[in-house]
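A.B. asks: compute the structure for the input listed below.
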Amino acid sequence: MQAQPKPAGEDAVEHLAVLPVPGGAEAEFADFVRASSAELGRVAWFLCGDRTRAEDLLQHAYLRTWSHWGRVRTGDPVAYTRRVLANARIDAWRLARREVLSPAVPEGAVPSGAAATDERDALVRALRLLPPRQRRIVVLRHLAGLTEVEVADELRVSVGTVKAAASRGLARLRTELSDDEGGAR
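C.D. replies: Predicted coordinates:
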């Protein structure tokens, strides 16, 4: 069954093409998308660094989540979708073998105020300098707020790998951010 397009301005979630799922879970999934899109959208953006690619990545993750919704909805669908985001980003990176990140911070990704915008922009620029795996671990661990065990489970790596990569990534971020502050004075 496919949802009929609505006029512009109405909720974008209603534009999703919906595959039939036993038990009529369409409304439940739509509620999940509405509730999680801000958080997962930020995670996708931090993983990609580009608004368009992040939107595509999030749409792909929601599609994969929907296709397994009967099983996923009884567990933690946000964690499942985050794992899909991370794995899909890895797959895309492997196919492209190079990343092109945009220099601009998307609107709505930062709190209001020029100082907050400058800080977030500096963080995003510093994140771009990390290798993709380190960036994913730092984003999931410190920006999405997952525990080391949750990150390890989502990326299917050991907890020791998460600890080491997070430590190295944070050290590099500290160095880069302190260099930015020193250069701005």
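A.B. asks: flag every buried residue along the one helix or strand in the chain whose mean pLDDT sits lowest.
C.D. replies: Among the helices and strands of the chain, helix 114-128 carries the lowest confidence by mean pLDDT, DSSP states H and E, at a mean of 76. Neighbour-count burial for helix 114-128, with 16 or more other Cβ atoms under 10 Å as criterion, is recorded at 121-127. Yep, even glycine has a C-beta here, placed from its N, CA and C like the rest.
A.B. asks: so which of those comes closest to Arg73?
C.D. replies: The shortest separation between Arg73 and any of the buried residues of helix 114-128 is 31.9 Å, and it belongs to Leu127 (by Cβ to Cβ).
A.B. asks: verify the stated contact: the closest one with Gly49.
C.D. replies: Yes. Under the contact definition of Cβ atoms under 8 Å, Leu127 touches Gly49, with a separation of 7.3 Å.
A.B. asks: let me see the ranges of the strands in this structure.
C.D. replies: Counting by DSSP state E, the chain has no strands to list.
A.B. asks: low-confidence ranges in it?
C.D. replies: Across the chain, the stretches falling below the confidence threshold (pLDDT under 70) are 1-24, 93-117, 180-185.
A.B. asks: can you pull the buried residues of the longest helix seen in the chain?
C.D. replies: Within the chain, and with DSSP state H defining each element, the longest helix by residue count is helix 159-184. Neighbour counts using 16+ other Cβ under 10 Å place 161-162, 165-166, 169-170, 172-173, 176, 180 of helix 159-184 among the buried residues.
A.B. asks: how is this structure partitioned into domains?
C.D. replies: As given by automatic domain parsing, the domain ranges for the chain are 21-107, 114-185.
A.B. asks: the longest one: how far from the chain's middle?
C.D. replies: On the basis of Cα atoms, centre = their mean, to the nearest Å, domain 21-107 sits 7 Å off its chain's mean C-alpha point.
A.B. asks: now do the last one
C.D. replies: Its chain's average C-alpha position is 13 Å from that of domain 114-185, according to Cα atoms, centre = their mean.
A.B. asks: ranges for the helices of this structure?
C.D. replies: Using DSSP H, the helices of the chain run over residues 26-48, 51-67, 69-72, 77-96, 114-128, 132-138, 148-155, 159-184.
A.B. asks: about what we covered before: which neighbouring elements make contact with the least confident helix or strand of the chain?
C.D. replies: The elements that helix 114-128 packs onto, with contact taken as 3 or more Cβ pairs under 8 Å, 6 or more residues apart in numbering; DSSP states H and E, are helix 132-138, helix 159-184.
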